[in-house]
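Chemist: I would like the atomic coordinates for the input below:
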Amino acid sequence: MSKVQKDPLRGLATKEQHILEKIVKSTSERVDVVKRAKAILSVRSGKSYTEAAKEAGYQSNDAVSHLVSRFNQRGLSALGIGGGRGRKPTYTSEQQAEIVKELQRPPDRKQDQTATWSLSTLQRALRKRGLVRIAKETIRGVLHESGYSYQRTRTWCRTGYAERKRKSGTVTVSDEHTPEKKS
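Modeler: Residues are numbered from 1 along each chain as shown. Just a heads-up that it's a prediction; the model follows:
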């Protein structure tokens, strides 16, 4: 016989119910998110925490109990991974801004020994400026996060921006749909 639920599941909005059912049926959703959605829907249908835990694939009813209390507080965001997980960023946002700033600076042919930035030459310049242990892959990741991509012309350009020659001169045009295309 199960004990009395101290924090019972609150009433679900129809939108929340629909989203949970969609997640449970999804084949492309993360497995842990699907398990949490199954557990919430099982409790919603009137099953005890123990039955819901077995149906969702948890070992004990404590996991479902904690999940229900998180769901009552945060809603659907309780299905995702909690904060604080994963590796912390190695470089601060100021250091990442410094990487982008260095890229935007035109290279000095004598000092930097290049006419265009490559990852190697950018790494060399950043190491001279104080980021001693920075790797090429870190630079590439920061630049991609900032919206830059390496072009066929062997230069780094902001994604979604292009320079066009017009009668009035060179004009920079942008594609406003770029953020939608990235994801």
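Chemist: tell me the contacts of the residue nearest to Leu126 when sequence neighbours are not counted?
Modeler: Nearest residue to Leu126, sequence neighbours excluded (Cβ to Cβ, 6 or more residues apart in numbering): Ile134, at 5.3 Å. In short, each C-beta sits where N, CA and C put it, glycine included. Listed by Cβ atoms under 8 Å, 6 or more residues apart in numbering, the contact set of Ile134 reads Tyr91, Ile99, Gln123, Leu126, Arg127.
Chemist: in the protein, which spans are strands?
Modeler: For the chain, strands defined by DSSP state E occupy the ranges 148-150, 156-158, 161-166, 169-174.
Chemist: please work out which of those is packed deepest.
Modeler: strand 156-158 (a mean of 17; mean count of other Cβ atoms under 10 Å).
Chemist: Ala115 against Arg109, yeah?
Modeler: Yes. Counting by Cβ atoms under 8 Å, Arg109 is a contact partner of Ala115 at 6.1 Å.
Chemist: looking at the two, which one has more neighbours?
Modeler: Ranked by neighbour count (other Cβ atoms under 10 Å), Ala115 and Arg109 place Ala115 first, with 12 against 9.
Chemist: what pLDDT does the more buried one get?
Modeler: With respect to pLDDT, Ala115 scores 85.
Chemist: can we start the residue count at 311 from this point?
Modeler: Yep, numbering from 311; the last one is Ala425 now.
Chemist: who's in contact with it?
Modeler: Here Ala425 is in contact with Pro417, Arg419 (Cβ under 8 Å, 6+ apart).
Chemist: and it, how far from Pro416?
Modeler: Distance of Ala425 to Pro416, computed by Cβ to Cβ, to the nearest Å: 9 Å.
Chemist: which parts of stretch 398-407 are buried?
Modeler: Tyr401, Gln405, Gln406 (16 or more other Cβ atoms under 10 Å).
Chemist: same question, stretch 315-327
Modeler: Buried-residue list, stretch 315-327, by 16+ other Cβ under 10 Å: Leu319, Leu322, Glu326.
Chemist: just put these in TSV and tack on distance to Ile391 and pLDDT.
Modeler: Formatted as TSV, these follow (distance: Cβ to Cβ, whole Å; pLDDT from 0 to 100):
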residue	distance to Ile391	pLDDT
Leu319	21	89
Leu322	22	88
Glu326	19	92
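Chemist: can you add distance to Tyr359 and give the residues you listed back as a markdown table?
Modeler: Shown next, in a markdown table, are the buried residues of stretch 315-327 (distance: Cβ to Cβ, whole Å):
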| residue | distance to Tyr359 |
| --- | --- |
| Leu319 | 10 |
| Leu322 | 17 |
| Glu326 | 19 |
